[in-house]
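Q: Task: produce atomic coordinates for the following.
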Amino acid sequence: MKKLLLVLAVMFSAYAGFAQDDKNADSIKAQIDNKSFVFIARSALPLRGSMISLSPTYDVQVSSDTVRAYLPYYGKAHTAVYPGDETAIKFTSLKSDYTVKATKHGWNVTIKPKDVPNSVTMNFNISKSGNVLLHVSDYKRDAITFHGYID
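A: Residues are numbered from 1 along each chain as shown. Sure thing, here's the model as predicted:
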């Protein structure tokens with residue numbers, strides 16, 4: 001009898017976990033479809049270097065009409081940075097291309113700001129659980145990858 005109760009308890013907890021994952025996935029899908037999510041960066045992986053842990057102050061805020069990015073940059077620049085220029089990936093865009101592609105394990109979201117001086121492309125690989133791998137490429141400097149989550 002104890003074994004039966006144990007088996008039922010394990011099955012119920014597993015089912016409850018799957019239901020929670022589906023609920024989380026539906027919430028994330030709604031945020032992506034509405035163009036309304038916040039990416040919080042937890043670590044950075046430069047093209048030439050090792051992983052760097054980040055404080056939770058770095059993020060990308062996406063809304064229906066605006067994309068705001070504030071991410072650190074570690075890597076090699078291919079053009080000179082003038083004194084006083086911002087070395088971080090920091091911009092506010094009011095015009096950007098936003099494309100979503102569903103995958104087996106989540107979604108790929110590509111954002112290309114049109115009104116930012118540097119040609120930045122942001123590729124978000126978002127899992128159904130909310131984990132994100134963000135690849136940022138810019139023709140003026142080496143690409144960088146961030147790991148984080150959807151808030």
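Q: For the rest of this, base every contact and every neighbour count on C-alpha atoms.
A: OK.
Q: where does the closest residue to residue 102 other than its chain neighbours fall, helix, sheet strand or coil?
A: Nearest residue to residue 102 in three dimensions, chain neighbours excluded: residue 108, at 6.3 Å (Cα to Cα, 6 or more residues apart in numbering). Remark: residue 108 carries the secondary structure label strand [criterion: DSSP: H, G, I helix; E, B strand; the rest coil].
Q: before we move on, what about residue 50?
A: coil.
Q: Please tell me how far it sits from residue 25.
A: Shown here: residue 50 relative to residue 25, a distance of 31 Å by Cα to Cα, to the nearest Å.
Q: Output stretch 56-68 as PDB, nothing but the C-alphas.
A: The C-alpha atoms that make up stretch 56-68 are tabulated as PDB, following Å, rounded to 0.1, in the frame of the first residue of the first chain:
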ATOM      1  CA  PRO A  56      21.400  41.500 -12.800                       C
ATOM      2  CA  THR A  57      21.600  45.200 -13.900                       C
ATOM      3  CA  TYR A  58      22.100  44.300 -17.500                       C
ATOM      4  CA  ASP A  59      19.100  43.800 -19.700                       C
ATOM      5  CA  VAL A  60      17.200  44.200 -22.900                       C
ATOM      6  CA  GLN A  61      13.700  45.600 -22.700                       C
ATOM      7  CA  VAL A  62      11.400  44.800 -25.600                       C
ATOM      8  CA  SER A  63       8.000  46.500 -26.000                       C
ATOM      9  CA  SER A  64       5.700  46.800 -29.000                       C
ATOM     10  CA  ASP A  65       7.300  50.100 -30.100                       C
ATOM     11  CA  THR A  66      10.700  50.300 -28.400                       C
ATOM     12  CA  VAL A  67      13.800  48.200 -27.800                       C
ATOM     13  CA  ARG A  68      16.100  49.300 -25.000                       C
END
